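1. Pasted the sequence and its predicted model underneath.
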Amino acid sequence: MSEEKLSGSQRGKIRRLSTPHEAGPDEEAGELNIVPFLDIIMNVLMFVLSSIALTFMTTLDVASPRAGKGGGRDAQQNALSLTVIVVPDGYSIKAKGGNVGPGCTDMGAGLAVPKKADGTYDHEKLTECAVRLKHSNDDYADETTVSLTGNPEITYAVMIDTIDALRREPSAAGDDKAKLLFPDVMFSVIR
């Protein structure tokens, strides 16, 4: 088997093609430089993280409303159907018979529980009023739902304090556990 000898021009071409050379600026390079891209992404990420407003939320379990034991027409007729409306001047309360009057002693017009003299909401009087209404009739003993509405200018903190005032009866001296009053709070909207 005879080997053919390469000519000088062939050997030069092979040598030229097999020798590595640096790519020129007009030639495509072998590596992709992603450092500038990562710089842009990091700057955008830092901007987004610094401009996000963090909001911490508290959740309260709420259930659909129930009217009395059976939920039928008789139970709805014997239900208290308590609704508390938080307004800038205090609490307006509605029950089965209509509007609850000032002091929560009878039905009538006006705020059932006005604000205190210092301008804060009177949560203790609201709890007393809810206890009085719930214990006013034996048919209301099993009712656990209250409908709560607030005007748009009422703050979140006032709404949460109102829920707390309606959920439990005040405990007697030495009693570790407070009785549940209206643990199921249903939010409604003023139209």
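-> Alright, I've got the coordinates. Numbers count the residues shown, from 1 in each chain.
2. ok, what's across the strand from residue 93?
-> Beta-bridge partners of residue 93, counted by DSSP bridges, are residue 84.
3. low pLDDT regions in this protein?
-> Along the chain, segments meeting pLDDT under 70 span 1-2, 23-30, 53-78, 171-178, 189-191.
4. Select the longest helix from it.
-> helix 35-51 (DSSP state H).
5. and it, how far from the chain's centre?
-> Distance of helix 35-51 from its chain centroid, counting by C-alpha atoms, centre = their mean, to the nearest Å, is 30 Å.
6. do stretch 163-173 as well
-> 23 Å.
7. Need the residues that contact it.
-> Stretch 163-173 is contacted by residues 60, 84, 123-124, 126-127, 130-131, 146, 148, 177-183, 185 when judged by C-beta atoms under 8 Å, 6 or more residues apart in numbering. Just so you know, the C-beta spots here come from the backbone N, C-alpha and C atoms, and that holds for glycine as well.
8. now swap in stretch 79-91 and tell me
-> For stretch 79-91, the external contacting residues (C-beta under 8 Å, 6+ apart) are 67-68, 92-96, 111-115, 121-122, 126, 129-130, 133-134, 137, 139-140, 143, 145-151, 153-154, 158-159, 162, 166, 182, 188, 190.
9. mind listing which of those residues are in helices?
-> Among these, DSSP H puts 126, 129, 130, 133, 134, 158, 159, 162, 166 in helices.
10. wait, what's in contact with residue 154?
-> By C-beta under 8 Å, 6+ apart, residue 154 lies in contact with 86, 87, 88.
11. same question, residue 161
-> Counting by C-beta under 8 Å, 6+ apart, residue 161 makes contact with 121, 123.
12. Apply 10 Å and report the result again.
-> Counting by C-beta atoms under 10 Å, 6 or more residues apart in numbering, residue 161 touches 86, 120, 121, 123, 126, 155.
13. From residue 138, how far off is the nearest residue to the first one once chain neighbours are set aside?
-> The reference is to residue 86. Nearest non-adjacent residue to residue 86, counting by C-beta to C-beta, 6 or more residues apart in numbering: residue 150, 4.1 Å away. Using C-beta to C-beta, to the nearest Å, residue 150 is found at 31 Å from residue 138.
14. cool, and residue 161?
-> Distance, residue 161 to residue 138, using C-beta to C-beta: 30 Å.
15. And residue 182, by the same measure?
-> As judged by C-beta to C-beta, residue 182 and residue 138 stand 17 Å apart.
16. okay, the two: which has more neighbours?
-> Taking other C-beta atoms under 10 Å, residue 182 and residue 138 do not tie; residue 182 has more neighbours (25 against 8).
17. List the residues that contact the closest residue to that one other than its chain neighbours.
-> Using C-beta to C-beta, 6+ apart and skipping the chain neighbours, the partner closest in space to residue 182 is residue 146 (3.9 Å). Each residue near residue 146 by C-beta under 10 Å, 6+ apart is listed here: 65, 80-84, 93, 130, 133-134, 162-163, 166-167, 181-186.
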